[in-house]
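K.L.:
have a look; sequence and predicted model below, questions after that.
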Amino acid sequence: MNTLLFNLKDATQESGCPVCSLQQKFENQYLETLFYEYVNDREIRDKLRNGGCFCPQHIRMIFEKRSSVLGISILFADLLNHYFTSKSDRQKNRCPVCEGWKEKEAFIRQGLHKHWRKMKSSWGERAFLCEKHLRNIPQDETIRQEMEEISEKSLKNISQDLSSLIRKFDYQAPKKSISKEEGTSWQEVLEFFAGSRLRKKSKSYP
Ligand SMILES: [Zn+2]
Ligand SMILES: [Zn+2]
């Protein structure tokens, strides 16, 4: 197993969708490296100019992360200059982060199938494949069913915590009586439907 597969196995033991979790890690790492180390790299700049910039989702991520405002400013000044000079031949939809992730996702899909038995045996009680990845990841019918079943089991655990959280709100129970699992349950459900990691860094409620 290589590092990516080790990370995948780890992620199947945590709560949430392991593929979304790895995607978030990949995107964070990609943008961090890009803005700190590759802002002046000619090849990267050409790729961005020719590909028509980042997609809206990743521009939002760049805005929220703002790992290096100087790096962002330099790169986007270059993209704006390019926009002024080549409006007509602008290509779109070739975001480098999306393209990089597509390759990784294909590798993860293979890894998840190849090592499914092992991953399944240590699957976390709150780990699930989100709606999007339940559709995209399984190739084999038996594995697809097993992935669905194991995800549903975890989602039922999360659903119980969510009901308990709602009850505590209704009874205006003290905040400290809300467990960590109950506190994060609403975010996990959002992740399931969103097909992306939405966890805040703070582990406690709210
Ligand atoms: Zn997912
Ligand atoms: Zn993108």
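P.N.:
Done, it's in. Residues are numbered from 1 along each chain as shown. Ligands and ions are numbered 1, 2, ... in the order given.

K.L.:
tell me which residues are up against the helix or strand where G111 lies.
P.N.:
For G111, the host element (DSSP states H and E) is helix 96-114. Applying CB atoms under 8 Å, 6 or more residues apart in numbering, the contact partners of helix 96-114 are 1, 4-5, 8, 19, 22-23, 26-27, 30-31, 44, 47-48, 51, 54-55, 58, 61, 119, 136-140, 143. Every residue, glycine included, has its C-beta placed from N, CA and C.

K.L.:
list the helices and strands the next helix or strand after that helix packs on?
P.N.:
Later in the chain than helix 96-114, the nearest helix or strand by DSSP H and E is helix 116-121. The contact analysis (3 or more CB pairs under 8 Å, 6 or more residues apart in numbering; DSSP states H and E) places helix 116-121 against helix 3-11, helix 141-170.

K.L.:
format those as a markdown table; extra columns: mean neighbour count, distance to ligand 2 and mean pLDDT.
P.N.:
Output for those, formatted as a markdown table (neighbours: other CB atoms under 10 Å; distance: least, CB to the ion, whole Å; pLDDT from 0 to 100):
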| stretch | mean neighbour count | distance to ligand 2 | mean pLDDT |
| --- | --- | --- | --- |
| helix 3-11 | 16 | 20 | 88 |
| helix 141-170 | 15 | 26 | 94 |
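
K.L.:
what would those helices look like in JSON lines with distance to E191?
P.N.:
Shown next, in JSON lines, are the helices and strands packed on helix 116-121 (distance: least, CB to CB, whole Å):
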{"stretch": "helix 3-11", "distance to E191": "13"}
{"stretch": "helix 141-170", "distance to E191": "10"}
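
K.L.:
now those as a markdown table including distance to ligand 1?
P.N.:
Rendered in a markdown table, the data for those read as follows (distance: least, CB to the ion, whole Å):
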| stretch | distance to ligand 1 |
| --- | --- |
| helix 3-11 | 10 |
| helix 141-170 | 10 |
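
K.L.:
what residues does the lowest-mean-pLDDT helix or strand in the chain touch?
P.N.:
For the chain, counting by mean pLDDT, DSSP states H and E, helix 42-51 ranks last in confidence among helices and strands (a mean of 84). Outside helix 42-51, the residues that touch it by CB under 8 Å, 6+ apart are L34, Y38, F54, L75, D78, L79, H82, Q91, R94, C95, P96, E99.

K.L.:
drop anything exposed from those.
P.N.:
L34, F54, L75, H82, C95, P96 (16 or more other CB atoms under 10 Å).

K.L.:
which positions in this structure make contact with ligand 2?
P.N.:
For the chain, the residues in contact with ligand 2 (CB under 5 Å from the ion) are C55, H58, C95, V97, C98.
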